[in-house]
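Colleague: sequence first, predicted coordinates after that:
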Amino acid sequence: MDQIYHRAKGHPDTGLDPARLDDTGRTKYNSFEGLSALSESSSIEIDINLLADGEIVVTHHKNLGVSQTSMENMSFDDVADVSKREADVNTPTFSEVLWLALDRGYKLVVEMKASGPGKCAELADKAADTMESFYEDAEADIKLRKGYGEDVISQAEWKEAWRREYRDQVVGTAVMSSFSVEALDQIKARQQQSFAKNSDSLFADAQVDFGWPDYPNRNDEMRISESIYDHIGISREEWAQRIERGDPMLGGDWIIAGAQLAASHGYDSFSTHINAITTQELVEKVKELGVKLYVFGVNTPNERNRMEEFGVDAVLAEHL
């Protein structure tokens, strides 16, 4: 079972100025200092957001003390200034983190966050642009670093070496995740376009993960996923009635509805909060649908051990 550092929060691998750490001695959320200090080959979850100037930034609106909508109306310089002033950390762009992940062997779970489904789909489209450019540049960069110039290796020989030795290293850099069906469907559409243009497309092989709130009321608080009732075919009102009745199967049914939606859209994995994962039987039902199961909010050894016993594929943790 994989363990993923939620929002890049974890134990540093290298010495940092204590001012760069929180009061538990762990790296600060979504900061360049935190990301660059974690152990090589770590699995890390980050949040990306689309700003008013078109830049994709790695941060969380709660770290800035503002709403999601307010942050989206800021420029990158505004966000960087607030992060430096409030937390004394440097805020990275999505592109910078992709290169850092390649250099340190990180596997990224990239959560696309926005104030609504439409905004998240726009973010997904721009994130796809960034990913495609990164993959192309990464191949060229590795070729250069390995000294494979035209006088050393032919293009055909390089492509063979690339597929054999380096391709998986780059394509494994990121899993694209969101609570928005619109965003993930946009990623899938872009992947199909990418594959059609290039049979060796890296972006087409990136994994896609569907986030799911652990209960219907939580979903109602998250505008990013407000459209999912249309997708699962069960109305907001019907779920409210079931909650009022105290339906004992509500939790399991809600999670299975999300996992079925993930499977029907061809997503690779499904993630939800530990509060929703109450039995091994529920885990087995999710995985029978053909999707991997990631669980976030896992913050004690006992919780981690229980999820491992249940058979989940990965946990996202902040305090382990």
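Modeller: Alright, I've got the coordinates.
Colleague: excluding chain neighbours, what is closest to residue 284?
Modeller: residue 311 (7.0 Å; C-beta to C-beta, 6 or more residues apart in numbering). (C-beta placed from N, C-alpha, C; glycine too.)
Colleague: quick one: that neighbour and residue 279, what's the gap?
Modeller: Remark: distance between residue 311 and residue 279 (C-beta to C-beta, to the nearest Å) = 11 Å.
Colleague: again with residue 318
Modeller: In this structure, residue 318 and residue 279 are separated by 24 Å, where distance is defined by C-beta to C-beta.
Colleague: out of these two, which sits in the busier spot?
Modeller: Comparing residue 318 with residue 279 by neighbour count (other C-beta atoms under 10 Å), the higher total belongs to residue 318, at 18 against 11.
Colleague: go ahead and confirm the more buried one touches residue 6.
Modeller: Yes - the criterion here is C-beta atoms under 8 Å, and residue 318 meets it with residue 6 at 4.7 Å.
Colleague: kindly list the main-chain dihedrals of the residue nearest to residue 284?
Modeller: With angles defined as degrees, to the nearest 10, residue 311 shows backbone torsions of phi 100, psi 20.
Colleague: looking at this structure, which helix or strand is least sure?
Modeller: Taking mean pLDDT, DSSP states H and E as the measure, the helix or strand of the chain with the lowest value is helix 216-221, at a mean of 66.
Colleague: I'd say residue 228 and residue 261 touch.
Modeller: Yes - the pair residue 228 and residue 261 passes the contact test of C-beta under 8 Å, sitting 7.0 Å apart.
Colleague: on contacts alone, who are the packing partners of the biggest strand by length in the chain?
Modeller: The strand that spans the most residues within the chain, counting by DSSP state E, is strand 43-50. Helices and strands touching strand 43-50, by 3 or more C-beta pairs under 8 Å, 6 or more residues apart in numbering; DSSP states H and E, are strand 2-5, strand 56-58, helix 68-72, helix 94-104, strand 107-112, helix 117-145.
Colleague: could these be laid out in a markdown table, adding mean pLDDT?
Modeller: Written out in a markdown table, the entries for these read as follows (pLDDT from 0 to 100):
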| stretch | mean pLDDT |
| --- | --- |
| strand 2-5 | 84 |
| strand 56-58 | 96 |
| helix 68-72 | 94 |
| helix 94-104 | 89 |
| strand 107-112 | 91 |
| helix 117-145 | 89 |
